[in-house]
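Q: Turn this into a model:
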Amino acid sequence: MTDRAVCLDRVALDWLMPMHLALSASGHVTSAGSTLIKMLPGQRLMGRAVFDLFDVRRPWGVVTAEGLMARAGQRLHLHPKDRPDDALRGVAMPMADGQGLLINLSFGIGVIDAVRRHALTEVDFAATDLTVELLYLVEAKTAVMDELKGLNLRLQGAKVAAEEQALTDPLTGLRNRRAADLRLDLLCSGRRAFSVLLMDLDFFKAVNDNLGHAAGDHVLREVAQVLRDQTRAEDCVARTGGDEFLIILPGLADPGLLRQVSDRIIARIARPILFEGQECQVSASIGMALSSHYPALEVASMLQDLDAALYRAKRAGREQAVMVGAADFRGQ
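A: Next up is the predicted model:
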């Protein structure tokens, strides 16, 4: 069998190899694929020396047509001089009768970025090229991964919301008993000093009995706002019962400052609260405790002592603040 050269016109060559470069024996471009032309807008390719248009990065040292011819059949790495971010892969083969070289190029692993950068479509690839099918798979995978990421974010958000709801009193928006217990456990296991106030509303039952539960709920929400106003962002303010509140103050170890905080809260809550034109009059009794008073911190013991101090404040005539272990009352 006699070897015969295969002759293709430019249309057929472009159809089969839309990223080809045909070079003369001197290394000048005699034909270029439509996709390559699209990649290099504004560039005049025909008749240009290939080394004026491209750098051959691999094999290193190829700077002449003869050097390119000597490496026929080897894998080439080319970068357009005007677009060095476009990395092209290819192979060069000599044409019949020493007419020059035919280089077939592709994007390699950078095809996804190239498609986006140059707005390439299916028609920019050879009909037998599997790149388009792979791109569809990549896009499908990306869409699925984006959807999964969105789902995970929504699930995480729902989890955070559920955890927040589990630690929040629905009526006042303050922390609840569980949140207060967790905060106390954390502080008791650490070395940072802290203080705790146990507060109960005086005459709250009379508001509920005389004006109804809607008025009582309104008073609780107003009291919650007072407690927010009188505490810091790092403090934990919790509604732990019907009209009982626990205020945890990390870092506050001065009994004088703790009494000042208690006195401000008592003074603010003593102001009448309006509900539908009616005055709701309540006051606050408070038990106070400092962590420094306990050689070995136990949440249960501290809460028991706070409850006893609060009871002493009630017996002293209400609207009082009593320190755990204190022998006298404020104002006596």
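Q: how many other residues sit next to residue 126?
A: By other CB atoms under 10 Å, the residues close to residue 126 number 19. Every residue, glycine included, has its C-beta placed from N, CA and C.
Q: again, but for residue 304
A: Look at residue 304: counted by other CB under 10 Å, it has 12 neighbours.
Q: who does the longest helix along the chain touch, helix- and strand-wise?
A: Secondary structure assigned by DSSP state H gives helix 131-166 as the longest helix of the chain. Contact here means 3 or more CB pairs under 8 Å, 6 or more residues apart in numbering; DSSP states H and E; on that basis helix 131-166 packs against helix 111-118.
Q: Please state the offset of the helix it packs on from the chain centre?
A: 28 Å (CA atoms, centre = their mean, to the nearest Å).
Q: just stretch 287-299 next, same as before
A: Worked out by CA atoms, centre = their mean, stretch 287-299 lies 39 Å from the chain centre.
Q: Just the CA atoms of that stretch, as PDB, please.
A: Provided in PDB are the C-alpha atoms of stretch 287-299 (Å, rounded to 0.1, in the frame of the first residue of the first chain):
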ATOM      1  CA  GLY A 287     -31.400  38.800  96.100                       C
ATOM      2  CA  MET A 288     -27.700  39.400  95.200                       C
ATOM      3  CA  ALA A 289     -24.800  37.000  95.200                       C
ATOM      4  CA  LEU A 290     -21.100  37.300  94.400                       C
ATOM      5  CA  SER A 291     -19.100  34.300  93.100                       C
ATOM      6  CA  SER A 292     -16.200  35.400  95.300                       C
ATOM      7  CA  HIS A 293     -18.200  34.600  98.400                       C
ATOM      8  CA  TYR A 294     -18.100  30.900  97.500                       C
ATOM      9  CA  PRO A 295     -14.900  28.800  98.000                       C
ATOM     10  CA  ALA A 296     -16.300  26.100  95.800                       C
ATOM     11  CA  LEU A 297     -18.900  27.200  93.300                       C
ATOM     12  CA  GLU A 298     -22.000  25.200  92.900                       C
ATOM     13  CA  VAL A 299     -24.900  26.500  90.900                       C
END
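Q: which residues are in contact with that stretch?
A: Stretch 287-299 has contacts (CB atoms under 8 Å, 6 or more residues apart in numbering) with 181, 184-185, 187-188, 193-199, 253, 255, 258-259, 262, 301-302, 305-313, 321-325.
Q: Buried by neighbour count, from those: which ones?
A: Listed as buried from the contacts of stretch 287-299 are 181, 184, 187, 194-199, 258-259, 262, 302, 305-306, 309-310, 312-313, 321-324; burial here means 16 or more other CB atoms under 10 Å.
Q: Give me the subset of those lying in helices.
A: The helices, defined by DSSP H, take in 181, 184, 187, 258-259, 262, 302, 305-306, 309-310, 312-313 from the buried ones among the contacts of stretch 287-299.
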